[in-house]
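Peer 1: Predicted model, plus sequence, below.
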Amino acid sequence: MLIPELPAYLTSLGGPQYKGLIISLFTVTAMVSRPFSGKMADKVGRKPVMIVGSLVCCFASLLYPAVSTVFGFLLLRLVHGFSTGFTPTGLTAYLSDIIPANKRGEAMGLLGTAGTVGMAAGPVVGGAVANNFGLDFMFYTSSVFAIASILVVMGVKETLTERKGFTTEVFKIHKRDLLEPRVLVTCIVMLLTAYSYGAVFTVIPDFGESVGIKNKGLLFGFVTVASLSVRLIAGKASDRYGRRRILMISSVLCTVAMALLAIGETPRDLMIAITLYGAAHGMTSPTLLAWATDLSDERHKGRGISSLYIFMEMGIGIGAFSSGLIIANNPTNFFTTFVTSSLLCFIAFCYLIIHWQRHSRKAKKQTQ
């Protein structure tokens with residue numbers, strides 16, 4: 001709901017040069033909080049992790065109307081990031097507990113579909129609420145949705161069987177809590193492809209306005225609807241044909257989409273490219289989540305999932321911050337921004353091929 005309106009809101013506070021920080025600050029905090037949420041999910045339970053994230057979202061949304069300075073806004077974005085740092089980790093771990101391994105891709109696709117419905121409706125609803133009732137009412141509405149999510153979580157049964165309770169040990173993060181080596185391949189692919197996500201969500205509102213698209217939320221709607229249309233199919237396909245194959249296809253689509261954005265000059269060009277990108281993102285996300293849970297130790301699912309999300313936040317944050325610097329409020333720099341994103345997606349494709357070849361050689365040696 002908030003993302004399409006935040007660039008203009010920050011500009012009204014006197015900080016248009018800090019637009020790149022809207023996403024990057026949010027993701028920095030989300031990334032920093034991932035090890036804590038992963039450890040908490042493995043020791044305290046999946047439900048508490050989800051509830052903490054929703055509570056942060058609720059209170060952050062309530063505080064936006066009280067912010068009157070650029071510094072205050074940026075500080076609040078940092079705090080708001082804890083919501084994303086906790087809730088998705090608990091959600092994914094919870095889902096992996098109740099779904100058989102051979103249905104994991106489909107399940108992650110379904111989870112992603114539910115999230116994409118919110119992502120599709122959010123910008124459109126947020127824009128409509130802001131235009132008709134003002135920004136403050138939009139922030140309050142966002143807080144109400146966060147409260148509703150808490151009520152939903154309260155109604156489900158905890159799935160972590162060996163709970164150790166909440167202690168100060170949760171706040172003691174060790175090196176092993178920062179990265180689960182088993183899921184490294186998924187983390188690298190996520191880092192390379194998530195850069196484009198940060199770039200898109202930072203630059204697209206201004207890019208759309210430069211080509212004559214007034215409704216900023218409409219573009220995000222194209223992204224999320226395209227993502228919605230393929231998530232469940234992609235998840236099932238990854239169960240049947242393998243995670244790598246689906247990720248290779250999605251990385252190629254992302255490469256092409258970013259290249260089309262780089263050369264796009266009309267609303268039609270932008271809508272075609274952004275729709276293609278949405279499809280690529282819809283294939284990548286559930287497949288990587290399913291693959292990460294496949295590779296994770298059963299005792300440390302939270303750690304494996306949080307590792308993947310850490311790299312996702314790194315990619316999004318770097319993409320958002322770098323794009324903001326590259327653009328520098330100069331429309332002629334859109335080309336460089338999207339070419340960079342396209343190149344990184346292509347590198348992800350190449351990495352998957354190399355990893356597949358290594359895996360195949362290793363499998364042959366084991367059978368000989």
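Peer 2: All right, it came through fine. Numbers count the residues shown, from 1 in each chain.
Peer 1: all contacts plus neighbour counts: C-alpha atoms, from now on.
Peer 2: Fine.
Peer 1: ranges for the helices of the stretch 101-250 of the chain?
Peer 2: 104-133, 135-154, 175-178, 184-210, 216-241, 243-263 (DSSP state H, counting those that start in this stretch).
Peer 1: For the ones you listed, give me TSV that also has mean neighbour count and mean pLDDT.
Peer 2: As requested, the helices of the stretch 101-250 of the chain are arranged in TSV below (neighbours: other CA atoms under 10 Å; pLDDT from 0 to 100):
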stretch	mean neighbour count	mean pLDDT
helix 104-133	20	84
helix 135-154	17	92
helix 175-178	14	72
helix 184-210	23	87
helix 216-241	23	83
helix 243-263	22	93
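Peer 1: Of all those helices, which one is nearest residue 86?
Peer 2: Nearest to residue 86, of all the helices of the stretch 101-250 of the chain, is helix 135-154, at 12.9 Å by CA to CA.
Peer 1: angle of the closest one against helix 104-133?
Peer 2: Interaxial angle of helix 135-154 relative to helix 104-133 (axes from the mean of the first three to the mean of the last three CA atoms, to 10 degrees): 150 degrees.
Peer 1: send the alpha carbons of helix 135-154 over as CSV?
Peer 2: The C-alpha coordinates for helix 135-154 follow below in CSV (Å, rounded to 0.1, in the frame of the first residue of the first chain):
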residue,chain,number,x,y,z
LEU,A,135,-1.9,10.0,3.2
ASP,A,136,-2.6,9.8,6.9
PHE,A,137,-5.7,7.6,6.4
MET,A,138,-3.6,5.4,4.1
PHE,A,139,-1.1,4.8,6.8
TYR,A,140,-3.9,4.0,9.3
THR,A,141,-5.5,1.6,6.9
SER,A,142,-2.1,-0.2,6.5
SER,A,143,-2.0,-0.6,10.3
VAL,A,144,-5.5,-2.1,10.4
PHE,A,145,-4.4,-4.8,7.9
ALA,A,146,-1.4,-5.6,10.1
ILE,A,147,-3.7,-6.1,13.1
ALA,A,148,-5.9,-8.4,11.0
SER,A,149,-2.9,-10.5,10.1
ILE,A,150,-2.1,-11.0,13.9
LEU,A,151,-5.6,-12.2,14.5
VAL,A,152,-5.2,-14.8,11.7
VAL,A,153,-1.9,-16.1,13.1
MET,A,154,-3.4,-16.4,16.6
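Peer 1: tell me what it is packed against?
Peer 2: helix 46-63, helix 104-133 (3 or more CA pairs under 8 Å, 6 or more residues apart in numbering; DSSP states H and E).
Peer 1: any idea how far residue 299 is from residue 100?
Peer 2: 16 Å (CA to CA, to the nearest Å).
Peer 1: just to revisit the earlier point, would you turn the helices of the stretch 101-250 of the chain into a markdown table with distance to residue 312?
Peer 2: Putting the helices of the stretch 101-250 of the chain into a markdown table (distance: least, CA to CA, whole Å) gives the following:
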| stretch | distance to residue 312 |
| --- | --- |
| helix 104-133 | 15 |
| helix 135-154 | 22 |
| helix 175-178 | 13 |
| helix 184-210 | 5 |
| helix 216-241 | 17 |
| helix 243-263 | 15 |
